[in-house]
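# return a 3D structure for these sequence lines:
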Amino acid sequence: MRIIKVSENIPFVSSDTKKKKTVKKSILFSILLSVSIIVILLYYTINDQTINYLKNGNIRYEFFIAAACINIVYWVLWGLRLKILSNAIDQNFNISLIESTKIVLANLFLANITPSMAGGEPVRIYLLNKKGLNVGGATAATLGERLLDALFFLFCIPFAFFFFGNYITNDYLKIGLYIAVILFILFVILFIYTIRQPEKIKKFIIKIASFLNRFRKKENPSPHILNRISKEVDNFHDSMTFFVTKGKKNLLFAGIITALFWMTGWIIPIFLLMGLGIEPFILESCAAQILLVLIAMMPTTPGSSGVSEGGVAALYGVFINASLLGVFVLLFRFITYHMGLIVGAIFQYKIFKSVASFSTDMISTDEQNED
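Next comes the predicted model:
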C-alpha cells in the first residue's frame, strides 16, 4: 500500500506568517459571513408577532438543551465510526472511543472554516498517526468515512425529493438543488471510478491541472504537482481497495454507525421546532436536512457559511412562519455550526497550542511501500 508520510523534521503547526494570515482570514470570513446572514434574516423576520410569541410562554427550553445534547451524541457517534475504521486497518492498533472522539472534536474547527469540511481530514490523519496508526492507514480510515457518507446520501436523495419535492416552489432553489444532486452523483461516480481505474483518473486530473495552468500563464503543472496527484490517487485507491476486500465487515458496521450518526443530526432541528412550539414536520425536516447537506457539501464558502444559513431559511421557510424563521436559523446554526467551532477551537488549541497558525500544508508526502 502506498502511504503518506508525515515529515518528522517539519512541525505540524506552521510558523509562516503568510499561512497564518490566510488561516486568520478564513476564520474571520467564516464567522462574519455566518453572523451577517443570520443578522439579516433576523432583521427581516423579527416583528411584533415574533416578540409576542416569545413572550407568551410558548417556548420549551428543555428541547433546546436536548438539541445541544443530541449534537454531542452526534460527535460521539462520529468518534465511534472513526474508531471502527481505524482499528480495522491495523490489528495492533486499538484506539479507545474517548480518544477517537477527541480527534473528532479537534478536527471540528478546521472543518468548519474550509469548504466541504475538507480541512478536518488532515487533522484526523495527523492525530491518528500520533496515536500509533501509520499515516497510510489513517488516510484509509478518513477516506473510508467519505465513502460511507457518499453511499448513505446516494441512498437518501430519492427519499428527500419524495417527501420534500412538493414544497420546493422557488425556481432558484430548485435549480440549486438539481445542480447539487448532479454534482454529488458525479462525485460518487468519480469516487467509484477512481477505485477501479486509478491510472485513468490520474491522466484526467493532470489534464484538468494543465488546463487550469493556462490561466496562470504556465504550460504544464510542476513536477511537484504531478507527483502529488499521482501519490494522492494511489493512496485513495489502496485505501478503498482495502475496505472493499479485507475490511468488508468493519465497513458494514461503520456503515450502520454512519446511518445512526446522520439520523441523530436530523433530530436536532426537530427538537428546535418543538422547542419553539412549532409542529416538527418530522419527515419533511429529515428530507430538508438531506438536501441541506448536499448544498453544504458543495465547495463554495469556508464551512459553507452563508450558504447553509440561506439554505436552512429557504428549506424550512416553506413550513415555518416567517416571523420565527430567523430565530430558528439562529438556534440551528448555533448548535450545529458555532457550537462545533467553539469546541473545535478549544480542543485544537489544547493539542497544537495554536489555532490561527495551523496549516494543512504541514503534512508532506513521500512514497513508501508497507511490508
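
# return the set of buried residues in the one helix or strand Ile84 maps to.
In this structure, Ile84 sits in helix 61-89 according to DSSP states H and E. Across helix 61-89, burial judged by 16 or more other CB atoms under 10 Å covers 63-64, 66-68, 70-71, 74-89. Every residue, glycine included, has its C-beta placed from N, CA and C.

# gap between the residue of the chain most remote from its centre and Leu97?
In terms of distance from the mean C-alpha position of the chain, Asn56 ranks first, at 37.9 Å (CA atoms, centre = their mean). Distance, Asn56 to Leu97, by CB to CB, to the nearest Å: 44 Å.

# same deal with Phe163?
The gap separating Phe163 from Leu97 is 34 Å, by CB to CB.

# report how many residues lie close to Ile225.
15 (other CB atoms under 10 Å).

# so what's Trp75 up against?
Contact analysis of Trp75 by CB atoms under 8 Å, 6 or more residues apart in numbering lists 101, 104-105, 108, 340.

# go again using 10 Å as the cut-off
Contacts were defined as CB atoms under 10 Å, 6 or more residues apart in numbering; by that measure Trp75 touches 101-102, 104-105, 108, 261, 264-265, 339-340, 343-344.

# among these, which are in strands?
Residues of those located in strands (DSSP state E): none.

# if you rank the residues you listed by neighbours, which is first?
Going by other CB under 10 Å, Val104 tops the contacts of Trp75 with 27 neighbours.

# helices or strands up against the one helix or strand Lys350 maps to?
Using DSSP H and E, Lys350 sits in helix 339-352. Applying 3 or more CB pairs under 10 Å, 6 or more residues apart in numbering; DSSP states H and E, one finds that helix 339-352 contacts helix 17-45, helix 61-89, helix 97-111, helix 120-130.

# if we can go back for a sec, got the angle for the helix holding Ile84 vs helix 339-352?
Between helix 61-89 and helix 339-352, the angle comes out at 50 degrees (axes from the mean of the first three to the mean of the last three CA atoms, to 10 degrees).

# how far out from the middle of the chain is helix 61-89?
14 Å (CA atoms, centre = their mean, to the nearest Å).

# just want the angle from it to helix 120-130.
Going by the same axes, to 10 degrees, helix 61-89 makes 60 degrees with helix 120-130.

# follow-up on the earlier one: okay, the contacts of Trp75 in JSON lines with distance to Leu186 and pLDDT next?
Below are these laid out as JSON lines (distance: CB to CB, whole Å; pLDDT from 0 to 100):
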{"residue": "Thr101", "distance to Leu186": "33", "pLDDT": "95"}
{"residue": "Lys102", "distance to Leu186": "35", "pLDDT": "94"}
{"residue": "Val104", "distance to Leu186": "28", "pLDDT": "94"}
{"residue": "Leu105", "distance to Leu186": "32", "pLDDT": "93"}
{"residue": "Leu108", "distance to Leu186": "28", "pLDDT": "90"}
{"residue": "Phe261", "distance to Leu186": "24", "pLDDT": "95"}
{"residue": "Thr264", "distance to Leu186": "28", "pLDDT": "97"}
{"residue": "Gly265", "distance to Leu186": "25", "pLDDT": "95"}
{"residue": "Met339", "distance to Leu186": "32", "pLDDT": "94"}
{"residue": "Gly340", "distance to Leu186": "28", "pLDDT": "92"}
{"residue": "Val343", "distance to Leu186": "33", "pLDDT": "93"}
{"residue": "Gly344", "distance to Leu186": "30", "pLDDT": "90"}
